[in-house]
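Visitor: give me the fold of what follows.
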Amino acid sequence: GKLSDVSRIFSGISLLFRPKEGSADAVSAVPLADAEENLRTLAAATFAAGGHLLLIPEYAQFEMDGNMLPYWKMEARLAAELPATTLVNLYAMIPSQQRESLLADRNHLTREGSDFVAGLIAPVIARTIEEQRAP
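Guide: Predicted coordinates:
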């Protein structure tokens, strides 16, 4: 109750400082500060519930005009900073020669790409669950 009340108040106040749509600080109308605030809220709620948050940055062509890079860096920073939060870096897991073949366009996986990525993520999820169960 109280965390969600405070979170809504801060979210409302943060709208006053939100960059204008179309600014360099926004991707798909989600300003970087708002994305970070949302992830911090998710991480806090997940940690409070005894869970573990896996951050999996959007997989897209790395050359997307640099639009996604600030988001990927922010997610990596949060994963290092916040408790019970892990970054799943698909770019480190997928061989560079295979990256383009997984995408239907610049940021949507093909069916085969989705299967491949799921195969990479499944062991991370299993390992995280096992670590959560360990005394």
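
Visitor: check which helix or strand covers L54.
Guide: strand 53-55 (DSSP states H and E).

Visitor: list the buried residues in whatever helix or strand comes next after that strand.
Guide: Next along the chain after strand 53-55, taking DSSP H and E as the criterion, comes helix 69-81. Neighbour counts over helix 69-81 (16 or more other CB atoms under 10 Å) mark Y71, W72, M74, E75, L78, A79 as buried. Backbone N, C-alpha and C define where each C-beta goes, glycine included.

Visitor: how about the nearest residue to the second one, chain neighbours excluded?
Guide: Sequence neighbours aside, P57 is the residue nearest to W72 in space, at 4.8 Å (criterion: CB to CB, 6 or more residues apart in numbering).

Visitor: lowest average confidence, helix or strand, in this protein?
Guide: When the helices and strands of the chain are scored by mean pLDDT, DSSP states H and E, strand 26-27 comes last with a mean of 46.

Visitor: picking up where we left off before, make JSON lines out of the buried residues of helix 69-81 and add distance to A104.
Guide: Listed next are the buried residues of helix 69-81 as JSON lines, based on distance: CB to CB, whole Å:
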{"residue": "Y71", "distance to A104": "21"}
{"residue": "W72", "distance to A104": "20"}
{"residue": "M74", "distance to A104": "26"}
{"residue": "E75", "distance to A104": "23"}
{"residue": "L78", "distance to A104": "29"}
{"residue": "A79", "distance to A104": "27"}
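
Visitor: much appreciated, bye for now.
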